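In: Just a sequence and a predicted model for now, questions to come.
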Amino acid sequence: MSMIEFRKVQKYYGKFHALKDIDLEIDKGETVVLIGPSGSGKSTLARSVNGLETIQSGQLIVNGRDIADKKTDINRIRTDVGMVFQHFNLYANKDVLENIMIAPRIVLKMNEDENKKNAMALLDQVGLADKAHNMPSQISGGQAQRVAIARSLAMKPRCMLFDEPTSALDPEMIDDVLGVIKYVTSQSDMTSLIVTHEMGFAQEVANRVIFMDDGQILEDDKTDVFFKNPSNERARQFLSKIISH
Amino acid sequence: MITLLRTYWSTFLTGFGWTILSSCIALVASLLIGSIMAVFEVVPNKTLRTIGTVYVEIFRNIPLLVIVSFFYLVIPMYVVKINGFTAGTIGLTIYTSAFIAETVRSGIKSINIGQMEASRAMGMKYVQAMRFIVLPQAFKVVIPPLGNQFINLVKNSSVLAFVAGFDLMYQGNAIASQTFATVNTYLIVGAFYLVITLPISYYMRHLEKRLA
Ligand SMILES: Nc1ncnc2c1ncn2[C@@H]1O[C@H](COP(=O)(O)OP(=O)(O)O)[C@@H](O)[C@H]1O
Ligand SMILES: [Mg+2]
């Protein structure tokens, strides 16, 4: 069963062709890492999945619903698809706990006690129970990203999108965040699409790795195949560059 | 001056009352309309955006007196009879709301788009994201310029005098022409305006400090 399915998807920004003929299937429970040079369309692809970017043609089926169909309730899909951004995007006017609780309250109409219990449990899981009443400006980047992950998980999504979740972090904070993501992906029924430049991490968690360049998917392989012997020349070059760093 | 104040005490107070009433109504209404227009100006929907932009561009670029005269002279001819106070307050509201819209819009723009995206990605509707996340932050940013708008509004309410709106300025004109005590009358009128505007000014400074 596929969780996410792109069928001949085209995306344009004005005249610029950002996603070219994308065909991609991600099964339920799978963890897929998406890599590629800057500007290749990774964010655009990930952001299409929850409708933050609209596609111009083709079909994009998420959890059985066609995103491009006008009749699809995009907000309904978004409750099933969590997203973690490079720059965390915590709500600056809410404390950490409220960042996690607000969407379940107003979108899912979750009972307040249950919501709070759930939020505290998530904060505990990401190791930040003591920060519940801090404002986003009072915590570090690594902590903010872990809160952002907890915030997404509070909606009990079936699928998570991570768009370079550690790219804005100081090196010493990256491992904590990767640890949390690893835990999230290890849950058997969670589907994850992760855009990252952390190759060691990709090797550890990914079932599959996809390489994009210039708006196209050039390579889509099982993780070990991808890292040992990528068939695409540009993927090979990209890997040798990024791994020698 | 004391005698003047004593003799015309109730006239000044009446004007003061109408000025406050007009200002309060216009303040609440223009804040509401201005905020709605500000949101119109930034929504993805093109029709609403056009409405917002056209509204703001028209009403902040016409003199207040022209807008007020329009409501005082033109509307009664074709639509419905309204008195000077009503016409003046409506005009004041519309004029001020255009400036408030611009102010609030700049506040919304100053909040990074990522918070809106995160809200939407969590399944919040656009309006919910605006109401709970973006607008509370935007208003905080624009408190100082909004304070200026409120002070301008109180001062601009003197336009009611031109359409027989019973306000402070109107009563001042009446007293001055009766007594010929021009200097003293307008000194007192000015002092009454300060009674309203200085506390606003002071309170805004206080808020600014507290929120900083
Ligand atoms: N909102 C936008 N408007 C116009 N062009 C955009 C926009 N977002 C991205 N692009 C362009 O689309 C291409 C792919 O961008 P993106 O998906 O962000 O790449 P990546 O995440 O791989 O770095 C880039 O060339 C970028 O300049
Ligand atoms: Mg990107």
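Out: Structure received. Ligands and ions are numbered 1, 2, ... in the order given.
In: now the residue of chain B found nearest ligand 1: how far from chain A?
Out: Using CB to the nearest ligand atom, the single residue of chain B nearest to ligand 1 is B:Ile113, 10.2 Å away. Using the backbone N, CA and C atoms, a C-beta is placed for each residue, glycine as well. B:Ile113 is 9 Å from chain A, where distance means CB to the nearest CB, to the nearest Å.
In: show me what contacts A:Gln203?
Out: Neighbouring residues of A:Gln203 by CB atoms under 8 Å, 6 or more residues apart in numbering or on different chains: A:Thr223, A:Phe227.
In: quick one: A:Ile4 is in a strand?
Out: Yes: A:Ile4: assigned to a strand according to DSSP: H, G, I helix; E, B strand; the rest coil.
In: now it: how far from B:Val183?
Out: The gap separating A:Ile4 from B:Val183 is 79 Å, by CB to CB, to the nearest Å.
In: Please, which helix or strand holds the residue in chain A sticking out farthest from the centre?
Out: The centre of chain A is farthest from one residue, A:Asp113, which by CA atoms, centre = their mean lies 28.3 Å away. Using DSSP states H and E, A:Asp113 maps to helix A:112-125.
In: remind me, longest helix of chain A?
Out: The single longest helix within chain A, with elements called by DSSP state H, is helix A:171-186.
In: Show me how far that one is from its chain's centre.
Out: With CA atoms, centre = their mean, to the nearest Å as the basis, helix A:171-186 stands 13 Å off its chain's centre.
In: Settle this for me: B:Ile82 is touching B:Phe70, isn't it.
Out: No: with contacts defined as CB atoms under 8 Å, B:Ile82 does not count as touching B:Phe70, sitting 11.4 Å away.
In: CA-only coordinates of stretch B:191-208 in CSV, if you can.
Out: Taking C-alpha atoms only, stretch B:191-208 is exported to CSV below (Å, rounded to 0.1, in the frame of the first residue of the first chain):
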residue,chain,number,x,y,z
ALA,B,191,-6.3,71.9,26.4
PHE,B,192,-9.3,69.6,26.1
TYR,B,193,-7.8,67.8,23.2
LEU,B,194,-4.6,67.3,25.2
VAL,B,195,-6.7,65.7,28.0
ILE,B,196,-7.6,63.0,25.5
THR,B,197,-4.4,62.6,23.5
LEU,B,198,-1.7,62.9,26.2
PRO,B,199,-3.0,59.8,28.1
ILE,B,200,-3.0,57.8,24.8
SER,B,201,0.5,58.9,24.1
TYR,B,202,1.6,58.1,27.6
TYR,B,203,-0.2,54.7,27.6
MET,B,204,1.4,53.8,24.2
ARG,B,205,4.8,54.5,25.6
HIS,B,206,4.1,52.4,28.6
LEU,B,207,2.8,49.5,26.4
GLU,B,208,5.8,49.8,24.1
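In: pLDDT of that stretch, averaged?
Out: Regarding stretch B:191-208, the rounded mean pLDDT is 92.
In: Same question for stretch B:155-163.
Out: Mean predicted confidence for stretch B:155-163 is 94.
In: Give me the buried positions along it.
Out: Buried residues in stretch B:155-163, defined by neighbour count with 16 or more other CB atoms under 10 Å in any protein chain shown: B:Asn156, B:Ser157, B:Ser158, B:Val159, B:Leu160, B:Ala161, B:Phe162, B:Val163.
In: Equivalent analysis for stretch A:129-144, please.
Out: Buried residues in stretch A:129-144 (16+ other CB under 10 Å): A:Lys131, A:Ala132, A:Asn134, A:Met135, A:Pro136, A:Ile139, A:Gly141, A:Gly142, A:Gln143, A:Ala144.
In: first vs last residue of it, how far apart are they?
Out: Start-to-end span of stretch A:129-144 (CA to CA, to the nearest Å) is 13 Å.
In: before we move on, what about stretch B:123-130?
Out: The straight-line separation of the ends of stretch B:123-130 (CA to CA) is 13 Å.
In: contacts for it?
Out: Contacts for stretch B:123-130 (CB under 8 Å, 6+ apart): A:75-76, A:78-79, A:103, A:106-108, A:155, B:39, B:43-44, B:115-116, B:119-120, B:132-133.
In: okay, and for chain B, where does confidence drop off?
Out: B:212 (pLDDT under 70).
In: Which elements pack onto the longest helix of chain A?
Out: Helix A:171-186 is packed against helix A:141-153, strand A:159-163, strand A:191-195, helix A:199-205, with contacts defined by 3 or more CB pairs under 8 Å, 6 or more residues apart in numbering or on different chains; DSSP states H and E.
In: Quick check: next helix or strand after the last one?
Out: Tracing the chain past helix A:199-205, the next element assigned as helix or strand by DSSP H and E is strand A:208-213.
In: partners of that next one, with directions?
Out: Strand A:208-213 has its sheet partners listed here by DSSP bridges as strand A:31-35 (parallel), strand A:216-222 (antiparallel).
In: So which of those strands has the densest surroundings on average?
Out: Across those, averaging neighbours per residue (mean count of other CB atoms under 10 Å in any protein chain shown) puts strand A:31-35 on top, at a mean of 25.
In: residues from chain B in reach of ligand 1?
Out: Proximity of chain B to ligand 1, by CB under 6 Å from any ligand atom, involves no residues.
In: State the number of residues packed around B:Ala176.
Out: Neighbours of B:Ala176 under the rule other CB atoms under 10 Å in any protein chain shown: 17.
In: helix/strand/coil for it?
Out: helix.
In: so who does the closest residue in space to it that isn't next to it in sequence touch?
Out: Nearest residue to B:Ala176, sequence neighbours excluded (CB to CB, 6 or more residues apart in numbering or on different chains): B:Thr185, at 4.2 Å. Contacts for B:Thr185 were tallied using CB under 8 Å, 6+ apart; they are B:Leu4, B:Gly172, B:Ile175, B:Ala176, B:Thr179.
In: how close does B:Thr185 get to chain A?
Out: B:Thr185 is 48 Å from chain A, where distance means CB to the nearest CB.
In: Which helix or strand contains that residue?
Out: Assignment of secondary structure by DSSP H and E places B:Thr185 within helix B:182-211.
In: So which bits of that helix are buried?
Out: For helix B:182-211, a neighbour-count test (16+ other CB under 10 Å) marks B:Asn184, B:Thr185, B:Ile188, B:Val189, B:Phe192, B:Tyr193, B:Ile196, B:Thr197, B:Ile200, B:Met204 as buried.
In: Run a quick neighbour tally on the residue lying closest to the third one once chain neighbours are set aside.
Out: By the measure of CB to CB, 6+ apart, the closest residue to B:Ile188 outside its immediate chain neighbours is B:Leu5, 5.9 Å from it. A total of 14 residues lie near B:Leu5 under the criterion other CB under 10 Å.
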